[in-house]
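# Could you work out the structure for the sequence below:
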Amino acid sequence: MSRLTDLLQKVSKLDPSLGAALSNEYQAVINSRNYGLVFEKHQPEAVELPSVTPSRGSTVRILPPRGESDMSKADPRLWTVKCVTSARGGDVPRRYTLIERGVPDVEREVREDVPGDELIVVSEFQDTIYPGLVETDSVINAGDADKPAHVVLNSENYHALELLSYTHRHAVDVIYIDPPYNTGAKDWKYNNDYVGSDDVYRHSKWLSFMDRRLKLAKELLNPTDSVLIVTIDEKEYLRLGLLLEQIFPEAQIQMISSVINPKGVARAGFSRVDEYVFFVMLGTAHPKRLPLEEAWDLYPQKGAELQTEPTPTKKKSPGWNSMMRSGSNSRRADRENLFYPIYADPIKREVVGYGEPIPPGEHKAPEREGLVSILPIRADGSEGRWQCGGSEMLRRKEQGRIRLGRKTSYGFVVNYLPKGEWEDIENGLYDIEGFADDGSIIAYLHDDVDKDRRAPSQWHLPSHNASENGSTLLRAFLPGRKFPFPKSLYAVEDTLRFFVKDKPQAVVLDFFAGSGTTAHAVMRLNKQDNGSRRSISVTNNEVSADEQVQLRMDGLRPGDPEWERWGICDYITKPRITAAITGNTPGSLPIKGTYKFTDEFPMSEGFPENARFYTLTYLSPNVVAAGRAFRTIAPMLWLAAGQQGRVIDDLGEQGWDATDYYGVVEDIDNLRKFVEAVNSRPMCRSVFIVTDDDGAFELAAQAVRDDMKTYRLYESYLNNFEIVNR
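Numbering: from 1, shown residues only. Modelled structure (predicted):
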């Protein structure tokens, strides 16, 4: 009996009704208890929206006075706008009446006549929002304006993921993210407050923060073939691993270690030189075999002889392993039923059968005339177990995957082809030359894939040094600008290559985009094979904690142009991606330096790529309902259609428009002309039909080509883009 049930019994003796009520509540908690990773589910986050004008019903915070840099003095309370008073004429700001939220009616404070410039709108995650996109800039450098464009979204990433769940549901090939590592050094906020190392809920806040975003990310990934890649360090890797297992139970998950700073970072214990990379592989996704150079080989110390691949003149056979299990759960006691004899013909040197498992306490196999019995006995005489049961062993033998190995002092060795090697044979990476006398397969790697191999789970490459190929490289593109801990460009490029090498049109998403390294790496990959991969980078325009102090002392606030220009998106991400494409710094000077590794060329050459930059906006329900938001919603349709060609942002008097890649029709009376237009465009694959009439939608959907994907947009737009977070 637990201490709690004992206490409940004592309470029941004193007050039966109270005891029964407490017991019922306790049982409800026990029945709903989670197993695995359990963490405090914190209240949904709230995000401040400085670009949104408060209106009746808005949730707002009252800003501290201009010039106040100590944010501990800021009023953390939330208020609801009860009414708005507009001044007649002049530039006098609106005045607002506010009611305090989250307290009993009798205790609520009411503020009247509050100036609008003293307020900031707050969106809580349970609020309904109507997102839109406003283009802020673009770069067209591909020579072909219709080449798929890379996209940068300036937005709180949770809301951006909600938006993308409409445009890219189950359509993303790779998500690569480098989330906050939760160092306690003001590297991320929860509900507008930096989470410090002394916060007792530091880890559970981080898990709540990641849990919401990873669940949305799962909705975007293609369930049949895609991968989520997450980098992390030692502070949260254990919790992250458990969280990934809970959200992606169907995935194959593997973690690798990557050296990013050979000089090391000081810690209380050992100096940290590496970080970890989780790969969450869905469906058939797996890292491709690639022609990896010698730097990928593991070597003990500088100067030691490198492990090298067999020379091209030597044929390479698949790797045969021992049938006896090694490592964990490899003892006889772990699986008694897998301690059975395998019988072989010593003259023909061939496995011919197997016997029943040896009963516990017995250590010898029954004899069979003319055959030798082989038990899983190790060199030291200890008893192990086989990898699989006897019937499965014979099935593999029929496939050519079992053969008799060398004879040792403790008996014959039985070898088998493991699953990975067998899959490579089935996938055609090996030439099958026949079968040996014992039925085992004889195969050799194709000459053209002789250098292709699997990457190890530990990476120690000079190109992955984040200091030289992250921070130093970024300074070449953005002289005089700093960003904390950018990833090595070549590390991200290598990581992505394992999964997009054979996908020249892959969609790659990074919703913790930071300095824009992922988009930069995708452009490098495109140049190497003339691909058309598209990146979507999501980053907010948060100003660093240190810079915020000085800006507040200067009387600035979020939303002020002089404040926003120092934000991550405007100051780092957009300029870095623009510089990478054009080959020029923000000061219009050619970038100094040369790309290294894999593909070497001057950085000043840039890339033949296009990019568009958007800010996520929050539309008024009245504006959306009246259908006056099409120009703001239009980029979302372009995103869903593949990020290619021009954006249809005006349907004109004819009530429809079409590009080579997608079309939008609003005036069903002109449906015939619209259908003729889209059907005549062979690359047109997406059609958006604006109608409240079920019959009209079905008619339009049936009239377009079968290879087109049709989307329905209701005329009010409310049912299309309304996001309700729970």
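# Tell me which residue is most central in the protein.
Closest to where the C-alpha atoms of the chain average out (Cα atoms, centre = their mean) is residue 175, at 3.3 Å.
# so that one sits in a strand?
Yes - inclusion of residue 175 in a strand is indicated when DSSP: H, G, I helix; E, B strand; the rest coil is applied.
# tell me the contacts of it?
Applying Cβ atoms under 8 Å, 6 or more residues apart in numbering, we find residue 175 in contact with 217, 220, 221, 226, 227, 228, 229, 508, 509, 510, 511. From N, CA and C alone the C-beta is placed, and that goes for glycine too.
# Kindly recompute the last result at 10 Å.
The contact partners of residue 175, taken as Cβ atoms under 10 Å, 6 or more residues apart in numbering, are 161, 214, 217-218, 220-221, 226-230, 280, 507-511, 518, 536.
# other SSEs contacting the lengthiest helix in the chain?
For the chain, the helix with the greatest residue count under DSSP state H is helix 202-220. When contacts are defined as 3 or more Cβ pairs under 10 Å, 6 or more residues apart in numbering; DSSP states H and E, helix 202-220 packs onto helix 157-167, strand 174-177, strand 189-190, strand 225-232, helix 237-247, strand 274-283, strand 507-510.
# Nearest to residue 649, out of the ones you listed?
helix 157-167 (15.6 Å; Cβ to Cβ).
# Tell me how far the longest helix of the chain lies from the chain's centre.
Counting by Cα atoms, centre = their mean, to the nearest Å, helix 202-220 is centred 11 Å from the centre of its parent chain.
# so for it, what's the average pLDDT?
Summarised as a single mean, pLDDT over helix 202-220 is 93.
# Enumerate the positions of that helix that are buried.
Within helix 202-220, the residues that qualify as buried are 202-214, 216-218, 220, counting by 16 or more other Cβ atoms under 10 Å.
# Kindly export stretch 359-371 (C-alpha atoms) in PDB.
C-alpha atoms of stretch 359-371 as PDB (Å, rounded to 0.1, in the frame of the first residue of the first chain):
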ATOM      1  CA  PRO A 359      16.700 -28.000 -22.600                       C
ATOM      2  CA  PRO A 360      17.900 -25.900 -19.600                       C
ATOM      3  CA  GLY A 361      20.700 -27.600 -17.700                       C
ATOM      4  CA  GLU A 362      21.900 -29.500 -20.800                       C
ATOM      5  CA  HIS A 363      24.900 -28.400 -22.800                       C
ATOM      6  CA  LYS A 364      25.300 -30.900 -25.600                       C
ATOM      7  CA  ALA A 365      23.400 -31.500 -28.800                       C
ATOM      8  CA  PRO A 366      22.100 -34.800 -30.000                       C
ATOM      9  CA  GLU A 367      24.400 -36.400 -32.600                       C
ATOM     10  CA  ARG A 368      23.400 -36.900 -36.200                       C
ATOM     11  CA  GLU A 369      25.300 -39.400 -38.400                       C
ATOM     12  CA  GLY A 370      27.800 -37.800 -40.800                       C
ATOM     13  CA  LEU A 371      27.000 -34.300 -39.500                       C
END
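# so what pLDDT did residue 245 get?
On the pLDDT scale, residue 245 is placed at 94.
# what does residue 723 give?
Value for residue 723, per-residue pLDDT: 65.
# ok, and what's touching stretch 322-332?
334-335, 338-339, 342, 351, 357-358, 360, 363, 374-378, 382-388, 393, 396, 402-403, 405, 413-416.
# so how far is stretch 355-373 off the chain centroid?
Averaging C-alpha positions (Cα atoms, centre = their mean) puts stretch 355-373 52 Å from its chain's average.
# List the buried residues for it?
Neighbour-count burial for stretch 355-373 [16+ other Cβ under 10 Å]: 357, 358, 365, 371, 372, 373.
# so where's the stretch 501-650 of the chain uncertain?
Along the stretch 501-650 of the chain, the parts satisfying pLDDT under 70 run over 620-628.
# Provide the strand pairings for the helix or strand residue 434 falls within, with the direction of each partner.
Per DSSP states H and E, residue 434 falls inside strand 430-435. Using DSSP bridges, strand 430-435 pairs in its sheet with strand 441-445 (antiparallel).
# Which residues does the partner strand contact?
Against strand 441-445 from outside (Cβ under 10 Å, 6+ apart): 289, 310, 314-318, 399-403, 417, 421-422, 424-425, 429-436, 450-453.
# what does stretch 544-552 give?
Identification of contacts with stretch 544-552 by Cβ under 10 Å, 6+ apart yields 64-71, 185-187, 189, 194, 482-484, 542-543, 556-558, 560, 562-563, 566-568, 571.
# Pull the distance from that stretch to the chain's centre.
Averaging C-alpha positions (Cα atoms, centre = their mean) puts stretch 544-552 30 Å from its chain's average.
# would you put the C-alpha positions of it in PDB?
C-alpha atoms of stretch 544-552 as PDB (Å, rounded to 0.1, in the frame of the first residue of the first chain):
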ATOM      1  CA  SER A 544      19.100  39.600 -28.900                       C
ATOM      2  CA  ALA A 545      18.800  40.100 -25.200                       C
ATOM      3  CA  ASP A 546      21.900  42.300 -24.900                       C
ATOM      4  CA  GLU A 547      20.800  44.600 -27.700                       C
ATOM      5  CA  GLN A 548      17.300  44.900 -26.300                       C
ATOM      6  CA  VAL A 549      18.700  46.600 -23.200                       C
ATOM      7  CA  GLN A 550      20.300  49.400 -25.100                       C
ATOM      8  CA  LEU A 551      17.400  49.800 -27.500                       C
ATOM      9  CA  ARG A 552      15.000  50.200 -24.600                       C
END
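# buried sites along it?
For stretch 544-552, by 16+ other Cβ under 10 Å, it's 544, 548, 551, 552.
# quick one: which of those residues sit in helices?
Filtering the buried residues of stretch 544-552 for helices - DSSP H - leaves 548, 551, 552.
# Format the residues you listed as CSV; extra columns: distance to residue 128.
Below are these laid out as CSV (distance: Cβ to Cβ, whole Å):
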residue, distance to residue 128
548, 30
551, 32
552, 32
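# re the thing from before, for the residue nearest to the centre of the chain, list each beta-bridge partner.
Going by DSSP bridges, residue 175 is paired in beta bridges with residue 228, residue 509.
# Take the contacts of stretch 544-552 and keep only those in helices.
Short answer: these in helices (DSSP H) are 562, 563, 568.
# tell me the contacts of the last one?
Residues counted as contacts of residue 568 (Cβ under 10 Å, 6+ apart) are 154, 483, 513-516, 539-544, 574.
# For my notes, confirm residue 337 occurs in a helix.
Yes - under three-state DSSP, residue 337 falls within a helix.
# That one reaches residue 389, doesn't it?
Yes - Residue 337 is within contact range of residue 389, at 7.1 Å (criterion: Cβ atoms under 10 Å).
# who touches both of those two?
With Cβ under 10 Å, 6+ apart, residue 337 and residue 389 have common neighbours residue 357.
# The two: which has the busier surroundings?
residue 389 (15 against 12; other Cβ atoms under 10 Å).
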